[in-house]
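Participant: Okay, sequence plus prediction incoming.
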Amino acid sequence: MLKYFRGRSFGNIFRFVLATPLALVFWLCIEVTNIFRPVYIVGLSYKGRITQYLAPMELHLRQANQTKKRYQMIFVVPVATPNEAVRTIYSRYALIIDSHFPKLIRSAFGIVAEKLKSRFTPELLEHHLLWSLEPATTLDELEIEFGKNLMKELGVPDGKQYVCLGVKDAAYYASITPESGYGQDLSHQAKDSRNIEVTNYMLAASYLANLGIYVVRVGAVVGSALPRDRDPLIIDYANEARSELGDIVLGANCKFSINAATGVWVFSATKNRPIVNCDQYELGYKHDMLRQGTPSLWTLRVLKNQQTLGLTMFSEMAVGGQKWADDKVLASLGLEPIPNTPEEILDAVIEMNDWIDGKLELSDLDEELQTKFYNCYPPETRLEKNPLVRISPSFLRKYQDLL
């Protein structure tokens, strides 16, 4: 007990003391409820990022739905929600204890979530098994109507296809400060090498526009606007019409999503929409985007050795994993991440569009290279080859010497 209090402020200790009796009451209520229907309690610690908020809720609900029983799901969130519209939708399926509740109640539920974790927090199945299941939530009539009106506002005719485009933007990370309510300060990441120039994606966006497919740029906080001379079918929604509910309905109904190392992929993933993941900067084997249950294409940032000027093997990147997503770690190793070229991004987008349309043709070499890529992972972390998740075939052909 003394270890728990060490280093904590008087306010935190006082709140813990006050919350403990309330936690006992909640515990008793949970035990009684569990007699009549299963109760699941999941504590979320997400650093203010939409992916770490939305993805766990979606996956836990999908898994609970497989029991075919009426259940009570409780999500305990320590800080503010990053998207109120997400909260509104998921509150129809679960009790979400977050900043909408007084701190005392949140503290009490936090104690309960921690102490009862072994009994009431289920281990998730392999994520690719869950992402392939039916979505856990649906939009109501008002939300569907909102989506229709948004399409009209954006100038996308009824029945026309569109693609979402989101990139990792320095402006977003500059906005995550202690004052934002997320309990985190990510403003230093505004200078991170992993931030993306959206202009690198305009070649692919123009290609889609030439096919008559609209491209909608998304993102909670973005920096520069899209070029003014862009094709009229390329829409800067993030700067001109962005809303929290809009993020959800756009991701839910797009033909596919182009995601550049940012969390907006989760709005499409929760509705089982295909995703192109470009400029990915780490090969952590637990990454959800490697375990999708819907078509998913990847391109990676290769790493250049600043001494030899050669490129790092994919097997080395797989061993480095998530640690190599840190600029300081890469600098200490003398490695420089190289952004995807506009041509690499274009090729991946063409492949995804053809894949969805049933036109993607893969050679024996392409299949061999996919297998070699999966084999880059050490045996203890190697995933089974997922036919719905591919490294861009053109990307692997270009960098097959790194396999």
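Facilitator: Great, that's in hand. Values in this document were obtained by computation on a predicted structure and should not be read as measured data.
Participant: For the protein, give me the ranges with low pLDDT.
Facilitator: 1-16, 46-48, 169-194, 282, 284-292 (pLDDT under 70).
Participant: Quick one: distance of the lengthiest helix in it to the chain centre.
Facilitator: The residue-count maximum for a helix in the chain (DSSP state H) belongs to helix 10-36. On the basis of C-alpha atoms, centre = their mean, to the nearest Å, helix 10-36 sits 32 Å off its chain's mean C-alpha point.
Participant: Quick check: next helix or strand after that helix?
Facilitator: Using DSSP states H and E, the helix or strand that follows helix 10-36 in sequence is strand 39-43.
Participant: partners of that next one, with directions?
Facilitator: Partner strands and pairing direction for strand 39-43 (DSSP bridges) are strand 72-76 (parallel).
Participant: hey, C-alpha coordinates of the partner strand in PDB?
Facilitator: Output of strand 72-76 as PDB, limited to C-alpha atoms (Å, rounded to 0.1, in the frame of the first residue of the first chain):
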ATOM      1  CA  GLN A  72     -22.700  -5.300 -19.300                       C
ATOM      2  CA  MET A  73     -19.500  -3.700 -20.600                       C
ATOM      3  CA  ILE A  74     -17.800  -1.000 -18.600                       C
ATOM      4  CA  PHE A  75     -15.000   1.100 -20.000                       C
ATOM      5  CA  VAL A  76     -13.000   3.200 -17.500                       C
END
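Participant: does Trp298 sit in a helix or strand, and which one?
Facilitator: strand 296-300.
Participant: To clarify, my last question referred to Lys152.
Facilitator: Assigned by DSSP H and E, Lys152 falls in helix 141-154.
Participant: Counting by contacts, list what the following helix or strand past that helix packs against.
Facilitator: Sequence-wise, the next helix or strand downstream of helix 141-154 (DSSP H and E) is strand 162-167. Counting contacts by 3 or more C-beta pairs under 8 Å, 6 or more residues apart in numbering; DSSP states H and E, strand 162-167 packs against strand 214-217, helix 244-253, strand 257-260, helix 265-269. Every C-beta, even on glycine, is put in place using the N, C-alpha and C of the backbone.
Participant: coming back round to it: got the angle for the longest helix of the chain vs strand 72-76?
Facilitator: 170 degrees (axes from the mean of the first three to the mean of the last three C-alpha atoms, to 10 degrees).
Participant: With just CA atoms, put the next helix or strand after the strand holding Trp298 into PDB.
Facilitator: Going down the chain from strand 296-300, the next helix or strand is strand 302-305, by DSSP H and E. Extracted in PDB, the C-alpha atoms of strand 302-305 (Å, rounded to 0.1, in the frame of the first residue of the first chain):
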ATOM      1  CA  VAL A 302      13.000   2.300 -45.300                       C
ATOM      2  CA  LEU A 303      15.900   3.200 -43.100                       C
ATOM      3  CA  LYS A 304      19.200   4.500 -44.500                       C
ATOM      4  CA  ASN A 305      22.500   3.800 -42.700                       C
END
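Participant: Flag every buried residue along strand 302-305.
Facilitator: 302-304 (16 or more other C-beta atoms under 10 Å).
Participant: What is the nearest of the residues you listed to Ser132?
Facilitator: Val302 (29.8 Å; C-beta to C-beta).
Participant: contacting residues for the closest one?
Facilitator: By C-beta atoms under 8 Å, 6 or more residues apart in numbering, the residues touching Val302 are 311-312, 337-338, 399, 402.
Participant: Glu244 and Glu84 touch, don't they?
Facilitator: Yes: with contact defined as C-beta atoms under 8 Å, Glu244 and Glu84 form a contacting pair (5.6 Å).
Participant: follow-up on the earlier one: cross the contacts of Val302 against helices and list the overlap.
Facilitator: Going by DSSP H, the helices hold none of the contacts of Val302.
Participant: which of the residues you listed are buried?
Facilitator: With burial judged by 16+ other C-beta under 10 Å, the buried subset of the contacts of Val302 is 311-312, 337, 399, 402.
Participant: And these, which is closest to Val17?
Facilitator: Comparing the buried ones among the contacts of Val302 against Val17 with C-beta to C-beta picks out Pro337 as the nearest, at 47.7 Å.
Participant: That closest one pairs with what?
Facilitator: Counting by DSSP bridges, Pro337 is bridged to Leu303.
Participant: any idea how far Ala241 is from it?
Facilitator: 33 Å (C-beta to C-beta, to the nearest Å).
Participant: What of Ile248?
Facilitator: Separation of Ile248 from Ala241 (C-beta to C-beta): 14 Å.
Participant: Those two: which is more packed in?
Facilitator: Ile248 (24 against 13; other C-beta atoms under 10 Å).
Participant: quick one: stretch 363-373 to chain centroid distance?
Facilitator: Distance of stretch 363-373 from its chain centroid, counting by C-alpha atoms, centre = their mean, is 27 Å.
Participant: Hmm, I typed the wrong one, I wanted stretch 381-392.
Facilitator: Distance, stretch centre to chain centre, for stretch 381-392: 18 Å (C-alpha atoms, centre = their mean).
Participant: in whichever strand or helix holds Met202, what's buried?
Facilitator: Assigned by DSSP H and E, Met202 belongs to helix 202-210. Under the neighbour-count criterion of 16+ other C-beta under 10 Å, helix 202-210 has 202, 204-209 buried.
Participant: And stretch 221-241, by the same measure?
Facilitator: In stretch 221-241, counting by 16+ other C-beta under 10 Å, buried: 222-223, 226, 230-231, 233-238.
Participant: hang on, the earlier thing: so which of the buried ones among the contacts of Val302 is the closest to Ser91?
Facilitator: Among the buried ones among the contacts of Val302, Pro337 lies closest to Ser91 (C-beta to C-beta), at 39.2 Å.
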